[in-house]
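> Got a sequence here, can you build the structure:
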Amino acid sequence: MIILVITWKIENSVDKQCMTAWLEEFLPNTFVECENTPINETTIFVYEINHLFDWVKVNRLRKNYPNNIIVPIVAEHLTYSTSIAIELNLQALLIKPLHKSKFLRIVKKLYSSLTEKQAHKLTMLELSQQIPQDHTSPFREAFLRRLIRGEIENEQEIIQAASFLSVDHIPNIVFLIQGYMIIDENHPKVIDANRTITSIFRKHFTNKASISFLNFERYLLLLMRIPSNYTSFKHWSEGVACLLEVIAVLKRDYNIHLFMGIGDVYQQPMQVYHSYSQARKARKKPSVDNLHVRYYADLTKNEHLQKALAYIEEHYDEQLVLCDVANYINFSPAHFSRLFKKETGRNFVDYVAFTRILKTLPFLRKYDYTIDKISTSSGFNTSNYYSLTFKKHVGISPSEYRNTKEILFK
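Predicted structure coming up:
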């Protein structure tokens, strides 16, 4: 018979007495209470979460005692934070007010796992079952973050997610969005750019596509489910028209300028993380048809061209001549020039200029370097040529960009 070693981290003595009594009733003579953690025993920590910082303490406990089991008991006002339990790979969780049936269900699960010597992790389904439907957004977000990181391991997890995210709302494509605001007295000041952006997107895509958002500090992820008969977003003319309208409205009415990379479409949920990776890559490359949008599908898959583009990235601040880069990959200049335009959608000089422009953006916003110094250090012959090229690719002059405000999404 297995003896459960339990360490209570509970401030509420009434809750502790109730749980002890329930344990005695359900598993008499099968547990011992211990204030100090035994080194060679598997201990169950029952940890009360009354403050958001308590999750940090739980994480420390998890790292210090990796073989032990932690069962957080979350205060009702912190229900929104319960998805952290999934992030920490915990095996169980309880939410106040405590219920005998739910508590004993958790005990039975843990006792069985210890008997079988298997560590069953807490699932989204188990977690969501404890919480009212109007509080399921934390699970939705946690599931989507795991989805784009490629952490969903099997279809069972997709099925379980149906309790808080229907199959019709699971995304099949990812957009990575960045942007800035121009501070202009002629436009009303935008207090919350993130809220404005997501609101405009929802307004234009209502009844057209299911969309969700994930916030990161310097970029916003738009997760969308487009009609399954399209293999690329650019082929969905109605969706493209809506996207361009969103970009135009934000620029015209709010002085918000968006730039985004768009991944490929993946109908299998467990493959959607590829779209996220592709959107990240696309965002860093020059656009072809529209200043604000870059599709991963447009990026070259030619290994020779990829090698040439990597060379340009590495030597952007040096004098770059087409024949030298062509020679680097053992191509004739004429053949290289034709292939370069075909694969990138731009000629060699234009592509090099855009690459250099990208490299200068941090220097304009973070440092007080002169335009002349920035242009010279990034490979441009004159500051005038730099300014003209900058406005062509970014839409505003370097001086105007310096006075913009980067949008932070978190």
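
> and the spatially closest residue to residue 4 that is not a sequence neighbour, how far is that from residue 333?
Among residues not flanking residue 4 along the chain, residue 31 sits closest, at 3.9 Å (CB to CB, 6 or more residues apart in numbering). Backbone N, C-alpha and C define where each C-beta goes, glycine included. Noted for residue 31: a distance of 79 Å to residue 333, by CB to CB, to the nearest Å.

> Which one of those two is surrounded by more residues?
residue 31 (19 against 15; other CB atoms under 10 Å).

> Kindly provide the distance from that one to residue 148.
41 Å.

> what's the answer for residue 209, then?
Going from residue 209 to residue 148 by CB to CB gives 17 Å.

> What helices and strands are in contact with the longest strand seen in the chain?
If each strand of the chain is counted by residues according to DSSP state E, the longest one is strand 173-181. When contacts are defined as 3 or more CB pairs under 8 Å, 6 or more residues apart in numbering; DSSP states H and E, strand 173-181 sits against helix 193-205, strand 220-225, strand 256-262, helix 272-283, strand 405-406.

> what would the ones you listed look like in TSV with mean neighbour count?
Output for the helices and strands packed on strand 173-181, formatted as TSV (neighbours: other CB atoms under 10 Å):
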stretch	mean neighbour count
helix 193-205	17
strand 220-225	22
strand 256-262	23
helix 272-283	21
strand 405-406	14
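
> Between those, which one is closest to residue 11.
helix 193-205 (36.3 Å; CB to CB).

> quick one, that closest one and strand 256-262 angle?
Interaxial angle, helix 193-205 versus strand 256-262 (axes from the mean of the first three to the mean of the last three CA atoms, to 10 degrees): 70 degrees.

> Would you mark the buried spots in whichever helix or strand comes after helix 193-205?
For helix 193-205, the following helix or strand on the C-terminal side (DSSP states H and E) is strand 210-215. Buried residues in strand 210-215, defined by neighbour count with 16 or more other CB atoms under 10 Å: 210-214.

> Need the max-distance pair from these.
Largest separation among those by CB to CB: 210 and 214, giving 14.2 Å.

> circling back to that earlier point, right, and out of the buried residues of strand 210-215, which lies closest to residue 190?
The shortest approach to residue 190 among the buried residues of strand 210-215 belongs to residue 213, at 17.0 Å (CB to CB).

> So for stretch 281-293, first residue to last residue, what's the gap.
One end of stretch 281-293 sits 12 Å from the other (CA to CA, to the nearest Å).

> And it, how far out from the chain middle?
Its chain's average C-alpha position is 20 Å from that of stretch 281-293, according to CA atoms, centre = their mean, to the nearest Å.

> likewise stretch 47-61?
The answer for stretch 47-61 is 24 Å, by CA atoms, centre = their mean.

> wait, residue 216 sits on residue 410?
Yes. Under the criterion of CB atoms under 8 Å, residue 216 makes contact with residue 410 at 5.9 Å.

> Which one's more surrounded, these two?
Counted by other CB under 10 Å, residue 216 and residue 410 do not tie: residue 216 has more neighbours, with 13 against 10.

> how far away is the more buried one from residue 269?
From residue 216 over to residue 269 (counting by CB to CB), the distance is 21 Å.

> and if you look at residue 66?
Counting by CB to CB, the gap from residue 66 to residue 269 is 30 Å.

> How about residue 30?
In terms of CB to CB, residue 30 sits 41 Å off from residue 269.
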